[in-house]
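Enquirer: Based on what follows, work out the 3D shape:
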Amino acid sequence: MPKVGKGQYTVFLSADHGATQVPEFMQENKIPASRVPVVTIVNKLNKAVKEKYNIDTVIVSDDNYQLHLNDQRIETAKVNKDELVKWMVDQVAAEPGIARAFALKDLNTIPLPVRIRTMLNNGYNPRRNGDIQIILLPQHIEGYSATGTTHGLWNPYDAHIPLLWYGWGIKHGKTNRETYMTDIAPTVGALLHIQMPSGCIGQVVEEVMNKRALFSMNKKYRVAESPGEKESHRYFSD
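Expert: The predicted model follows:
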């Protein structure tokens, strides 16, 4: 097995999500927080829809703070789906711990902060997404468990993740500029002088690049270190 030594490796390390403090800890410190019983809300809503529209279990699942409806049952009951969804949105929005609720088809027309709209659009797939989107209040989490915490929200405590670069081609330093996990692939591509992947949507993190090392590659694509150059370089993005 080949050995990898000094100046012949590059490492990046990140995470897929952050997390909030547990609601009970926030409450102890007089910060509004709670566990929102989404399953209870779903059961309550299914019962209300049955009474009002005579549709059994119209919500077939809830995932990623989205409610998925049974289109076949709605059609069989001859109920106008837009009318039904609007009524359901009003019911959900009135529940404690809910900041916003809206039909996902209206994502780009209803008033929303740009950051939230962009994040929801980035995760949107019409073949997989639900019909109703729920946004919880800050520090509120889905109450599927009575202990611990969870993730999946747009808030900085959930979306802010570390990014560490280390090794060949990396300049020592740090930045507070906002970067994204989608910037990793184009940055690696730039380090290797190759085309970024076909589905890439990120940008090169220029602050990472040790251009002296990159332009001193020899014919074997190894770093030609100058006398006195440090053995490794570190880069932090936070």
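Enquirer: pretty sure I134 is in a helix, no?
Expert: No. Under DSSP: H, G, I helix; E, B strand; the rest coil, I134 falls outside any helix and is assigned strand.
Enquirer: What is the neighbour count of the nearest residue to it once chain neighbours are set aside?
Expert: With sequence-adjacent residues excluded and distances taken as Cβ to Cβ, 6 or more residues apart in numbering, I134 is closest to Y65, at 4.5 Å. Placement of C-beta: from N, CA and C, glycine included. By the criterion of other Cβ atoms under 10 Å, Y65 has 20 neighbours.
Enquirer: got the phi/psi numbers for Y65?
Expert: Per-residue torsions, Y65: phi 60, psi 30 (degrees, to the nearest 10).
Enquirer: show me what contacts it?
Expert: Contacts were defined as Cβ atoms under 8 Å, 6 or more residues apart in numbering; by that measure Y65 touches 38, 133-136, 142, 152-153.
Enquirer: Which two of those residues have the greatest separation?
Expert: Put simply, by Cβ to Cβ the two of the contacts of Y65 set farthest apart are Q133 and E142, 13.7 Å from each other.
Enquirer: So those two - more neighbours on which side?
Expert: Using other Cβ under 10 Å as the criterion, Q133 and E142 rank with Q133 on top: 25 against 20.
Enquirer: ok, the more buried one touching N64?
Expert: No. Assessed by Cβ atoms under 8 Å, Q133 is found out of contact with N64, at 9.0 Å.
Enquirer: Save the contacts of Y65 as JSON lines, and put in pLDDT too.
Expert: Below are the contacts of Y65 laid out as JSON lines (pLDDT from 0 to 100):
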{"residue": "V38", "pLDDT": "94"}
{"residue": "Q133", "pLDDT": "97"}
{"residue": "I134", "pLDDT": "97"}
{"residue": "I135", "pLDDT": "96"}
{"residue": "L136", "pLDDT": "96"}
{"residue": "E142", "pLDDT": "93"}
{"residue": "G152", "pLDDT": "87"}
{"residue": "L153", "pLDDT": "89"}
